[in-house]
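>>> predicted structure and sequence below. I'll ask about it afterward.
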Amino acid sequence: MHCQADGFPKPKISWHKPQSSVPAMRSSVTENNSLVLINVHSYDSGAYECRAESLFGSAAAFASLVVRVPVRFDYVPPRKVYVTPGQSIRLRCSATGYPQPTITWSRGAEGLPKGAYFSNGTLTIKDISDVELGQYSCVVRNILGQKSYSLALAYRGKVTSIGYGVEVREFSDLILNCKLCFKLGAKFNFTWSKIEGELPLERAYQTGCALVVSNATMNDTGKYLCSGRSVDRVSDESIRAILEVTVIGAPKITTLFKDVTLVHPGGDLELKCSAVGPPHPVVTWTKGSQKVLTNDSETAVLLIKKAGKDDEGEYRCYATNYLGEDVVETVVYLIGLMSTNN
């Protein structure tokens, strides 16, 4: 953005962004007083003020910046949506971008079934029968391009086996066996999938009736579906088994701390420490070798009121369960006394 100003004495030119600020780390002003922004973001949009000032007064001019942003999905349904005959369903698809993206739904060359309609990105299908099943696509576009997302609408097969809960240690191999597959493997072709998520393709593979997920992580927690399709007729999943998996491991502290925490003498200080399991962690604060707070919940908040010299020192947060522990620490100093302590 360019700006020129004349006068005697020569005016000083500066750039401002009303009700916000010019991003100092991503901006510079050239010798001819042009404002340069690099790595522009959507939030850089808005009015910019060029202000010229001298001993005899000031003048201002304004420029407006509009940042165009490619489309990006911010919500999509699961890749496979199960329904029952006669059910009605709403499938929401939304996206961001600038200009505001348009959202449309389609179903291949067939087009949308009779009675189906979409509004504000949501596709509504009523009184579902066989003709409504199939592959649907949500397409979002603006002048910078478009993206599409596809899903399958299928009948919910009969659940002949509700599986069992499985616990596996983090970073070990998760092995799931499908009992239905062992019993009916000759009559059905079985596949594995994860409900409300996707299998980690780089770590998951099927061997016979079993699903193996190597080097399990907390993200592998969830429900897994073993689906069987008849080998002698065309239909969607007709028998299914569901197994619920919980990946357990040592706790992880999710709160970030600075090496040094400063507080004004007489001021209040809140040290908040949060951790996740499972198994459920116990969170403890210590000062030096002394415990100062223990909490059975996943968050422990240590409140120091009217901080004084005795409150300075090394504070540690421990999160523990029977599989291990995690620890973070910070050193508390009173502002104005830090140099003498060092």
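Nice, I can see it.

>>> all contacts plus neighbour counts: C-alpha atoms, from now on.
OK.

>>> contacts only, for residue 66.
45, 46 (Cα atoms under 8 Å, 6 or more residues apart in numbering).

>>> gap between it and residue 129?
Look at residue 66 and residue 129: by Cα to Cα, to the nearest Å, they are 47 Å apart.

>>> roughly how far does the closest residue to residue 142 other than its chain neighbours sit from residue 210?
Spatially, and ignoring its direct neighbours in sequence, residue 142 is nearest to residue 101 (4.8 Å; Cα to Cα, 6 or more residues apart in numbering). The gap separating residue 101 from residue 210 is 43 Å, by Cα to Cα.

>>> check residue 76 too.
Counting by Cα to Cα, the gap from residue 76 to residue 210 is 30 Å.

>>> likewise residue 301?
Distance from residue 301 to residue 210, by Cα to Cα: 45 Å.

>>> looking at these two, which is more packed in?
Neighbour tally, residue 301 and residue 210, criterion other Cα atoms under 10 Å: the higher count belongs to residue 210, 19 against 16.

>>> now do the same contact list for the nearest residue to that one once chain neighbours are set aside.
Using Cα to Cα, 6+ apart and skipping residues adjacent in sequence, the residue nearest residue 210 is residue 177, 4.5 Å away. Each residue near residue 177 by Cα under 8 Å, 6+ apart is listed here: 209, 210, 211.

>>> ok, residue 75 next?
Contacts for residue 75 (Cα under 8 Å, 6+ apart) come out as 92, 93, 94, 95.

>>> out of these, which is nearest to residue 228?
Distance to residue 228, by Cα to Cα, is smallest for residue 92 among these, at 28.5 Å.

>>> from the contacts of residue 75, pick the one nearest residue 225.
residue 92 (23.6 Å).

>>> which ones are touching the residue nearest to that closest one when sequence neighbours are not counted?
With Cα to Cα, 6+ apart as the criterion, residue 92 has its nearest non-adjacent residue at 4.2 Å, and that residue is residue 122. By Cα under 8 Å, 6+ apart, the contact set of residue 122 is 90, 91, 92, 93.

>>> got the confidence number for the closest residue to residue 78 other than its chain neighbours?
In this structure, residue 78 finds its nearest non-sequential neighbour in residue 196, 6.3 Å apart by Cα to Cα, 6+ apart. Residue 196 is assigned a pLDDT of 81 by the prediction.

>>> against residue 224, how distant is residue 196?
Using Cα to Cα, residue 196 is found at 9 Å from residue 224.

>>> and for residue 284?
Applying Cα to Cα, the value for residue 284 to residue 224 is 35 Å.

>>> now the protein, which segments are flagged as low pLDDT?
Where the chain drops to pLDDT under 70, the residues are 155-164, 183-187, 230-238, 337-342.

>>> show me the domain layout of this protein.
Here the domain assignment for the chain is 12-65, 70-155, 160-248, 252-341, based on automatic domain parsing.

>>> export those to JSON lines and tack on distance to residue 6?
Below are those laid out as JSON lines (distance: least, Cα to Cα, whole Å):
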{"stretch": "domain 12-65", "distance to residue 6": "9"}
{"stretch": "domain 70-155", "distance to residue 6": "37"}
{"stretch": "domain 160-248", "distance to residue 6": "62"}
{"stretch": "domain 252-341", "distance to residue 6": "47"}
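
>>> how about the residue minimising distance to the centre of the chain: what's its closest non-neighbour residue?
Centre of the chain computed as the mean C-alpha position; nearest residue by Cα atoms, centre = their mean is residue 74, 9.9 Å away. Nearest residue to residue 74, sequence neighbours excluded (Cα to Cα, 6+ apart): residue 95, at 5.0 Å.

>>> and the host helix or strand of the one you found, what does it pack against?
Residue 95 belongs to strand 94-98 when assigned by DSSP states H and E. Helices and strands touching strand 94-98, by 3 or more Cα pairs under 8 Å, 6 or more residues apart in numbering; DSSP states H and E, are strand 69-75, strand 134-142.
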